[in-house]
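Asks: Generate coordinates for the sequence data below:
(one chain, ligands or ions: 1)
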Amino acid sequence: MTIEQSESQEALHAATNNHHILPFHDRHFRALIEHGSDVILLSDQHGNYSYASPSIQRVLGYTPEEFIQLNGFSLIHPDDLPSQTEAFERLLATPGLSDTQQFRTLHKDSSWRWIESTGTNLLHEPEIQAIVTNFHNITVRKQIEERQHLLSQISNLFISSLDHQITLQDVADLMVPTLADYCRIALIDSDNQVKAIVASHIDPQKISLVQDLYEQYKGRVSATHGIQTLLKTGQPELLSVVTEETITPIGQENPAALPIIHTLGLQSYMGAPLLVRGKTIGAITFSSVQPHRHYTGNDLNFAIEIARRLALVLDNARLYQEAQEELVERKETEELLKRREEEHYRLAAIVESSNDAIVGKTLEGKITSWNHAAELLFGYSAEEAIGQSIIMIIPPELRYEEDTIIGNLRQGIRIQHFETVRVRKNGTRVNVSLSISPVKDSSGKIIGAAKIARDITQQKEIEQRKDDFISMASHELKTPVTSIKGFTQLLVRRFQRLGDEESLRFLSRMDTQLNKLTKLIGDLLDLSKIQAGRLEYREEPFELDQLVEEVIENVQGTTSTHALVLDISAPEQHVRVLGDRDRVGQIFINLLTNAIKYSPKADRVLIQVTQEGDNAVVRVQDFGIGIAPDYHEHIFDRFYQINEPDVKTYPGLGIGLYISKEIVEQHHGHIKVSSKKGEGTTFAVFLPLFHEEA
Ligand code: ADP
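Replies: Numbers count the residues shown, from 1 in each chain. Sure, this is the predicted structure:
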């Protein structure tokens, strides 16, 4: 309360308490009341006025005469009415009580004014018999308070936005109705595209109209006013009084916008860009539809201040978000590094404790790592080896191997169990089995190799002893078997002379078994010779087709279950090859005996002899148990026999195909298998044709 106000109130009290001095008759009091800035009212217990001082016209627009026709309660803002009715009742109940209230009252121009009113119950005073009220306009003060409150709410958002995203809608809602009847906020991204836009309206049903209006000028670079212009220019704008004149240019530019502006009842408009370090990140607009709310330069300054704080809040939220993301990212990177480090140490520990020598090298052959087992195997310490060329452990005559290895690695091909020889620091040789894998960098580029070398000296020694034993045993067996075979022949002749058919039958069976035994011993002897590189081959041209026919005839003599069917593509023309006729014959004996052995349910084997390009080709096809693809590359290995739980075991040593392949290769040919499990197998032997003039 101002000094002036309190003085006038005291004067009134003094006047009304002094029974000898009548109010309003005194010149001083009258002047005070009639010229004071406060409004003085007298009313009865129903709120009907009997007196209003002239300043009522300044405060609420009515002349005193007009005002006293009205009931005080009819002008109070509906939201304030309940509290004011209650306050008035309290006043009536307590004679002499003086009570001050703040509420909104309708101005004659139908805008709302905040007033502060002090009512005193002097109904019981015989000279007065009225409620004496004095009030004054506090709209400006209220507005300042409200705006302060608004700013502090935005500042609060600043604090809360640090840990969660602020919603633009909350901000827009905050502006209505204190500062605008509708408010719009838009944000743009780094490409100046609107990424978020919200609107709030005092009347939620009109939001769609606000939206329609935006649709009218959205994306128009030439728009005269509005969000689009603010975003483009980065300059605040104010249309204090919206008149037909001010919106005409809008109508010209965009006729569809005008009816919407009219329906919205736009009276006044202002907007400010949201600026962060000089860059426009969005804009906020305020619109008034109240006839008496026209934005002023002052209001615009306030809007700019709101925009400034909002931009700060948004920028902080963004920075916070970025910082959070960075934090998460950094944590993830740290975790990853930690895991990688652990992995690295784990791997290093495994490598270090491995019994196999593990060596890392670049594609140029420079040694990059050397584990403990490598130190033991090759005799070089890690310090001595790292940085040196891998050549230092490769014997001079095997250096070409390194080129092949590197060539394979460059193509990403792994090398498995490659048996070779390496040299130690002291010059001695060591048999090793190498497995070499390409090492790739994070982009998948091959940058080197990891080599595992296993010392197979012992294994080699055992194999050697085994080979020696096989060689010795087969030699030792050969002589007695040959001798038994000889005596069998002798007995055959004797029993033939005696005409003892039964004994002859027994002898014939014995002979068959002896033949099997002889072949077995022969195979073992061949194997030993192959191992020792001592298998010798004659070299003379011969007719392959004839050889095949002979072999078929012989093998056919040993079987009564299968018919061996020969198909020679051009019977009149011999197929000649160069080499050891007996050894080549051995191949077909092996293939035919296998074909019969591994097709117990079939009754025929097909043999085909053809010429294909420069090759003579012999195919042996059976309709037996077949070979699953996984085994195709192994069946030619020494002592290899397929061992599947669901397949019965067949007698054999697993050396027939090994010897066959060896013989074929010694004749510069090759052997191929094609087979499907359960459907049968075809072996094809390719041998270069012999040309007379060659
Ligand atoms: P084996 O003395 O065991 O027959 P081979 O070296 O001749 O030895 O053959 C190796 C393995 O290949 C055999 O044990 C058998 O499992 C498989 N095999 C060879 N020929 C055939 C075939 N015609 N049908 C199915 N499996 C075969």
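
Asks: ok, now which ones touch Glu612?
Replies: When contacts are counted by CB atoms under 8 Å, 6 or more residues apart in numbering, Glu612 is found next to Phe686. Where you see a C-beta, it was placed from the backbone N, CA and C, and this is true even at glycine.

Asks: Could you measure from it over to the ligand?
Replies: Distance, Glu612 to the ligand, using CB to the nearest ligand atom, to the nearest Å: 21 Å.

Asks: Give the buried residues for stretch 44-63.
Replies: Gly47, Tyr49, Tyr51, Ala52, Ser53, Ser55, Ile56, Gln57, Val59, Leu60, Gly61, Tyr62 (16 or more other CB atoms under 10 Å).

Asks: Of those residues, which belong to strands?
Replies: Tyr49, Tyr51, Ala52 (DSSP state E).

Asks: now the residues you listed as CSV including pLDDT and distance to the ligand?
Replies: Formatted as CSV, the entries for those read as follows, by pLDDT from 0 to 100; distance: CB to the nearest ligand atom, whole Å:
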residue, pLDDT, distance to the ligand
Tyr49, 90, 122
Tyr51, 90, 127
Ala52, 91, 122
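
Asks: if we can go back for a sec, generate a markdown table for the buried residues of stretch 44-63, with distance to Glu244 as supplementary columns.
Replies: A markdown table is the format used below for the buried residues of stretch 44-63 (distance: CB to CB, whole Å):
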| residue | distance to Glu244 |
| --- | --- |
| Gly47 | 41 |
| Tyr49 | 40 |
| Tyr51 | 43 |
| Ala52 | 38 |
| Ser53 | 40 |
| Ser55 | 36 |
| Ile56 | 34 |
| Gln57 | 31 |
| Val59 | 32 |
| Leu60 | 30 |
| Gly61 | 25 |
| Tyr62 | 30 |
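
Asks: Within range of the ligand, give me the residues from this protein.
Replies: 590, 594-595, 598, 622, 624-625, 627, 635, 640-642, 652-658, 681 (CB under 6 Å from any ligand atom).

Asks: ok, how many other residues are close to the residue in the stretch 251-400 of the chain that the ligand sits nearest to?
Replies: The ligand sits closest to Leu398 of the stretch 251-400 of the chain, with a gap of 29.7 Å, by CB to the nearest ligand atom. Other residues within reach of Leu398 by the criterion other CB atoms under 10 Å amount to 12.

Asks: my read: it touches Glu419, true?
Replies: No: applying CB atoms under 8 Å, one finds Leu398 not in contact with Glu419, separated by 11.6 Å.

Asks: ok now do the closest residue to His294 other than its chain neighbours, which residues does it touch?
Replies: Spatial nearest neighbour of His294, excluding adjacent residues (CB to CB, 6 or more residues apart in numbering): Ser268 at 4.4 Å. Counting by CB under 8 Å, 6+ apart, Ser268 makes contact with Leu239, Ser240, Val241, Val242, Ser287, Ser288, Arg293, His294, Tyr295.

Asks: Take these and write them to TSV, including neighbour count.
Replies: Shown next, in TSV, are those (neighbours: other CB atoms under 10 Å):
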residue	neighbour count
Leu239	20
Ser240	17
Val241	11
Val242	22
Ser287	28
Ser288	24
Arg293	18
His294	17
Tyr295	24
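
Asks: When you compare pLDDT across those residues, which one is lowest?
Replies: By pLDDT, Arg293 ranks lowest within the contacts of Ser268, coming in at 82.

Asks: lowest-confidence helix or strand of the chain?
Replies: helix 3-17 (a mean of 47; mean pLDDT, DSSP states H and E).

Asks: okay, who's weakest in the buried residues of stretch 44-63 by pLDDT?
Replies: Gly47 (85).

Asks: what about Ser443, distance to the ligand?
Replies: Following CB to the nearest ligand atom, the distance that separates Ser443 from the ligand is 44 Å.

Asks: can I assume that residue sits in a helix?
Replies: No: secondary structure assignment places Ser443 outside any helix; it is coil (DSSP: H, G, I helix; E, B strand; the rest coil).

Asks: low-confidence ranges in the stretch 251-400 of the chain?
Replies: Along the stretch 251-400 of the chain, the model assigns pLDDT under 70 to no residue.

Asks: Check which helix or strand whichever residue of the stretch 301-450 of the chain sits closest to the ligand maps to.
Replies: Closest to the ligand within the stretch 301-450 of the chain is His417: 19.7 Å, counting by CB to the nearest ligand atom. For His417, the host element (DSSP states H and E) is strand 415-423.
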